[in-house]
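In: what would the 3D arrangement of this be:
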Amino acid sequence: ELLGGHIAPAKRVFLFFEDTGWLTSTAEARQIFEQAVVWTAGAILTPPTMTILSPNEGQIVVGESLTATWVSSGDLSGVHHIHLQLDDEAIVMRPDFSGSYEFTNMAIGPYSLRAWLVAPGHIPLPNDEATDTVNFVMEREIVDPASIALPLTHNWNAMIHASEGGDADVVDGYRSISDRGLILGQVDSVGTGTMSLTSQGLTYRLEASAGPALDAVVLGVRRPNGAGAAWDDADDDDNFGIAPSWDLSGGTGQIDSAVSTFAPSAPLDASFDIGFLYQISNGGGTIDVTLGFEDATSVTVTLGSPDWFASFGPPMPAALPGVATQAYLPGPLAGGTGFLAAGNVDSPVEDGPLSVTEARITAASLLTDLSFDVTDRRLTSLTFDNFNGGAIAMTGILAASMSAPTCACAGDLTEDGNVDGSDIQSFVSCVLGTGQDCTCADVDGLGGVSQNDVASFVSLLLSGAGCE
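Out: Residues are numbered from 1 along each chain as shown. The predicted model follows:
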């Protein structure tokens, strides 16, 4: 009677057979019980499976929205649609078995995302593989008007973002510095899971995107297998990656210098303070950084760092002339100096924590140690070279940031003590990106200059408040 009739969509039928020889194929079984979930003892079935691709388990997502992605596999002939649910919020129903959905207006804090396959009538499939759950945390980017993140020209994909590390041979993917790398996006990561961090009053920003985006400036010689080659010569599914598409070494794995150029800064003053976050592998060493200015002058300072293994606790070398401070970046692991990291060359597996060094250069340290005055100069470039380390050591510069020049009176671009019509042309130029000295164009105090400052500037003009 059951075989000759119809099974109501809202019913779930569980059939167990001792003899399954009469079931010649899974497809035949589905034809017989087309709207039922059939489990057969001994029958070979590919279970319907739901897999959440993003976010990853434990990921920290920065922003106010989350794009969830998923893929379904296995025998989906009995699946009608899928359900998504954040915590105990309303269920989201989607017709696409593999796809994406954006959750918006999300508050800061922990979340649990569940996705599951359902049969007609919104009946969840009973097998474990048909449901997937991930836990993640929403955070906000740090807004710091007093800091300017400098746009380094990255040459390496050296840090492990949440979606990276599954295949060592991905052509635009992660490749280790020497044989290791920092893991981003977790509570014990640099930035405590976010892509920004503040240290000693200066905010740094890490590259938030995974490959093909690059995320560090790397110098040195890559030899993961000692004296061997820099890259694997075949895509053979081991932990040693082939030469990536972004390789600038010509296959040698050796990079001797790197230059980052950017639009001229506002004129510097006595408050100038620039910081660098970096690591040096295999015994530590030094690296030179040259600050280039619009007037064609420059000054070179040498930064140092111990070996990056935080668990060893090597002493920090003394700061060299021109460096105001040089110290371990405080971290959550290894007694306060380590961050979550991976080994295993290019197929990362969590391993011992790595340290990060922070060096600061100030107007005072340059003037006192090197008799170089930055006052009224505009910074336009950073050159990294003259790396001095072990035979197979490497260095990675992860971020650079500088203090924003001070402004005595927001909106007073002519610096005549008033906010009036004489400031309009300069303000407009700054908003359009063609201005020269735009320190005082950040009228809303949120950092940077954009159309968001227009309303605040107009309000100052109309009020005639001027400068105190």
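
In: would you map the strands across the stretch 201-350 of the chain?
Out: For the stretch 201-350 of the chain, strands defined by DSSP state E, counting those that start in this stretch occupy the ranges 202-205, 217-221, 254-255, 258-261, 273-280, 285-293, 298-305, 325-328, 339-343, 349-354.

In: now the angle from the last one to strand 339-343?
Out: Between strand 349-354 and strand 339-343, the angle comes out at 130 degrees (axes from the mean of the first three to the mean of the last three C-alpha atoms, to 10 degrees).

In: got it, and the second one?
Out: An angle of 40 degrees separates the directions of strand 217-221 and strand 339-343 when computed by the same axes, to 10 degrees.

In: packing partners for strand 217-221?
Out: The contact analysis (3 or more C-beta pairs under 8 Å, 6 or more residues apart in numbering; DSSP states H and E) places strand 217-221 against strand 254-255, strand 258-261, strand 379-388, strand 394-403. The C-beta positions use only the backbone N, C-alpha and C, and glycine is treated the same way.

In: among the strands of the stretch 201-350 of the chain, which is nearest residue 451?
Out: Residue 451 lies closest to strand 202-205 among those, at 21.6 Å (C-beta to C-beta).

In: and that closest one, which strands flank it?
Out: The pairing partners recorded for strand 202-205 under DSSP bridges are strand 196-199 (antiparallel).

In: pull out the buried residues from the partner strand.
Out: 196, 197, 199 (16 or more other C-beta atoms under 10 Å).

In: repeat that for stretch 314-323.
Out: For stretch 314-323, using 16+ other C-beta under 10 Å, the buried residues are 314, 319, 322, 323.

In: avg pLDDT for that stretch?
Out: On average, the pLDDT along stretch 314-323 is 95.

In: distance from it to the middle of the chain?
Out: Distance of stretch 314-323 from its chain centroid, counting by C-alpha atoms, centre = their mean, to the nearest Å, is 28 Å.

In: end to end, how far does that stretch reach?
Out: Counting by C-alpha to C-alpha, to the nearest Å, you get 20 Å between the two ends of stretch 314-323.

In: what lies in contact with that stretch?
Out: Outside stretch 314-323, the residues that touch it by C-beta atoms under 8 Å, 6 or more residues apart in numbering are 284, 286, 299, 301-307, 325-328, 357, 359-361, 365-366, 369-370, 372.

In: re earlier: turn the helices and strands packed on strand 217-221 into JSON lines, including mean pLDDT, distance to residue 97 and mean neighbour count.
Out: Shown next, in JSON lines, are those (pLDDT from 0 to 100; distance: least, C-beta to C-beta, whole Å; neighbours: other C-beta atoms under 10 Å):
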{"stretch": "strand 254-255", "mean pLDDT": "96", "distance to residue 97": "44", "mean neighbour count": "18"}
{"stretch": "strand 258-261", "mean pLDDT": "98", "distance to residue 97": "45", "mean neighbour count": "16"}
{"stretch": "strand 379-388", "mean pLDDT": "97", "distance to residue 97": "48", "mean neighbour count": "19"}
{"stretch": "strand 394-403", "mean pLDDT": "96", "distance to residue 97": "39", "mean neighbour count": "25"}
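
In: which among those is found nearest to residue 206?
Out: Going by C-beta to C-beta, the one of those nearest residue 206 is strand 394-403, 5.7 Å.

In: how near is residue 261 to residue 460?
Out: 34 Å (C-beta to C-beta, to the nearest Å).

In: which residues touch residue 352?
Out: 309, 310, 311, 334, 338, 341, 343.

In: er, residue 55 actually
Out: Counted by C-beta under 8 Å, 6+ apart, residue 55 has contacts 61, 66, 68, 113, 134, 136, 162.

In: helix, strand or coil for the last one?
Out: Local secondary structure at residue 162 is given as coil here, using DSSP: H, G, I helix; E, B strand; the rest coil.

In: I'd say it and residue 185 touch.
Out: Yes: in this structure residue 162 lies within contact range of residue 185 using C-beta atoms under 8 Å: 4.5 Å.

In: these two: who's more crowded?
Out: residue 185 (29 against 20; other C-beta atoms under 10 Å).

In: and the gap between the more buried one and residue 343?
Out: 18 Å.

In: equivalent analysis for residue 217, please.
Out: 22 Å.

In: more neighbours, those two?
Out: residue 217 (28 against 17).

In: and residue 137, what helix or strand is that in?
Out: strand 131-139 (DSSP states H and E).

In: in that strand, what's buried?
Out: 131, 132, 134, 136, 137, 138, 139.

In: and what of stretch 58-75?
Out: 59, 60, 61, 62, 66, 68, 70, 72, 74, 75.

In: least trustworthy helix or strand in this protein by mean pLDDT?
Out: helix 26-32 (a mean of 45; mean pLDDT, DSSP states H and E).
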